[in-house]
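sequence and predicted structure, then a few things I'm wondering about:
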Amino acid sequence: MLAARWHGRADVRVEEVPDPGAPVPGRAVLRVLRCGVCGSDVREYRAGPVLIPLEPHPLTHTAAPVILGHEILGEVVAVGDRLDDELVGRRVVVDPTICCERCASCRRGESNLCEFAACLGVSADGGLASLVEVDTTKLVPVPDSLSDDRAALAEPLAVALHAVSRGSLRLGDRVVVSGFGPIGAGATLAALADGASEVVVLEPDAGRRRMASELGAHSVDPADAVAVRELHGFADAGFECSGADGALRTALRLVRPGGRVVVPGVAHSPAELNLRNLVLTERSVVGSVGYRGDIDRAVTLMASGVIDPTILSGPTISLRSLPRWFASTSPAAALKVLVDPGLDRSAAPVDVKRSTHHDADEVP
């Protein structure tokens, strides 16, 4: 099958690799319909390895080269257990996270904080390929009413939903969002869906500011010192989604005393904070990483029309064009690029043999 594999910094190759083969019980093979390209994929291309392991990961035993892609929508083509037969032919979104289920965080139900956390497309082969093998417990069925392009946005939307839930919004709260990338856009959508009365987006790119305005947000260039100063103390909650230098300090100035700033954006350098001001104003800084249970919620909210993720959608490209896209993409490019491996497939379908089902007491 065809797959996009990370071999090293600025070295992503689209190449033929072995098919996953017949899945064992508890596993399924998907034909990938869409796979989103995340900002973390771009960072691995430009500056990696960031999270991709060069030595075997303790949980997955995978090391580079690795197939990228964790924002996966696929069709189940084979399962390893007859109890999962009803999944065959279903479209599903994948929860790409892998946890040990044994550490203190996992035992508390906080799997996104797993001590040995792994992820498809980073520390295990992912979905930028014709086929991908996954655990059946990580599959979220997609209703027929949701198109492929929208369903493929469930994973990044889940990141934003989790961040907004960490902000503990109340009906009528005013919100500031720093950065209108995929997570910032998702946070804007989620905050409005949660009953925010007003959302202000800080975004340096004019095109993205226009997108934010289309959602009903008030958009401001963070370089406009006067406009930013007028917003001091404006918000009840803030979401720092850019990771830009100084963005957290700015977000804290824009929330009222007693307000809170949630940080799902990963900064590339340490942030300096005035702790005295933080203490005297009782502002809170709250971290947010990944999600737990939010992919299901993202699918439900999109299918019901509560959240329309169309603003996130960008071009759909083929696997073979991905290395060229990585080399040429800029921060002001489309919010979300989707890869459709079907654009690379020949007329002959990929053949994945169904496994022979084994009962618990049978030896494979």
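Looks like it came in fine. Numbers count the residues shown, from 1 in each chain.

and Ile307, that's in a strand?
No - assessed with DSSP: H, G, I helix; E, B strand; the rest coil, Ile307 is coil; it does not lie in a strand.

for the closest residue to it other than its chain neighbours, grab the count of nearby residues.
Nearest non-adjacent residue to Ile307, counting by CB to CB, 6 or more residues apart in numbering: Leu301, 4.4 Å away. C-beta: built from backbone N, CA, C; applies to glycine. Neighbours of Leu301 under the rule other CB atoms under 10 Å: 21.

need the contact list for Leu301.
Leu157, Leu161, Ala193, Ile307 (CB atoms under 8 Å, 6 or more residues apart in numbering).

number of nearby residues for the last one?
Which is Ile307. The tally of other residues near Ile307 (other CB under 10 Å) stands at 22.

the third one now?
One way to gauge burial is a neighbour count; for Ala193, by other CB under 10 Å, it gives 15.

next, the spatially most central residue of the chain: phi, psi?
With distances taken as CA atoms, centre = their mean, Pro156 lies nearest the centre of the chain, 3.2 Å away. As for Pro156, its main-chain torsions (degrees, to the nearest 10) stand at phi -60, psi -30.

so it is in contact with Gly186, correct?
Yes - using CB atoms under 8 Å, Pro156 makes contact with Gly186 at a distance of 6.0 Å.

any residues in contact with both of the two?
Leu312.

for the residue nearest to the centre of the chain, give its distance to Pro264.
11 Å (CB to CB, to the nearest Å).

then Gly74?
Gly74 is 26 Å from Pro264, by CB to CB.

kindly report the same for Val199.
16 Å.

swap in Leu343?
With CB to CB as the criterion, Leu343 and Pro264 are 31 Å apart.

which one of those two is surrounded by more residues?
Pro264 (26 against 12).

next up, the contacts around the more buried one.
Val159, Ala160, His162, Ala163, Ile183, Ala187, Phe239, Glu240, Cys241, Ser288, Val289.

what about it, distance to Gly39?
11 Å.

ok, now Pro65?
Distance from Pro65 to Gly39, by CB to CB: 21 Å.

and the helices in the chain?
39-47, 104-107, 148-151, 154-166, 182-193, 206-214, 225-230, 247-254, 275-281, 294-303, 322-328 (DSSP state H).

nearest to Glu15, of those?
Glu15 sits nearest to helix 322-328 of all the helices of the chain, at 10.4 Å, using CB to CB.

and that closest one, which residues are buried?
Neighbour counts over helix 322-328 (16 or more other CB atoms under 10 Å) mark Leu322, Pro323, Trp325, Phe326 as buried.

closest one of these to Leu252?
Phe326 (34.1 Å).

contacting residues for that closest one?
Residues in contact with Phe326 (CB under 8 Å, 6+ apart) are Val12, Asp41, Val42, Tyr45.

please identify which pair of those residues lies farthest apart.
Maximum distance among the contacts of Phe326 (CB to CB): 10.2 Å, for Val12 and Val42.

who has more neighbours, these two?
Neighbours per residue (other CB under 10 Å) separate Val12 from Val42, with Val12 holding more: 23 against 17.

isn't Asp173 right up against Ala237?
Yes - if you go by CB under 8 Å, Asp173 and Ala237 touch, sitting 5.8 Å apart.

rewinding a little: Ala104: which of the contacts of Pro264 is nearest?
Sorting these by how near they are to Ala104, with CB to CB, puts Val289 at the top with 16.0 Å.

in stretch 116-127, what counts as buried?
Phe116, Ala117, Ala118, Cys119, Leu120, Gly121, Val122, Ser123, Ala124, Asp125, Gly126, Gly127.

next: stretch 4-18.
Ala4, Arg5, Trp6, Val12, Val14, Val17.

ok, stretch 196-211 next?
Ala196, Glu198, Val199, Val200, Val201, Leu202, Glu203, Pro204, Asp205, Arg208, Arg209, Met211.

quick check, nearest of the residues you listed to Pro315?
Closest to Pro315, out of all of the buried residues of stretch 196-211 and judged by CB to CB, is Met211, at 14.9 Å.

my guess is the closest one contacts Ile311. True?
Yes - using CB under 8 Å, Met211 is in contact with Ile311, at 5.6 Å.

find residues that contact each of the two.
Shared contacts of Met211 and Ile311, defined by CB under 8 Å, 6+ apart, comprise Ala185, Leu335.

that older thread, what sits in contact with each of Pro156 and Pro264?
In contact with both Pro156 and Pro264: Ile183, using CB under 8 Å, 6+ apart.
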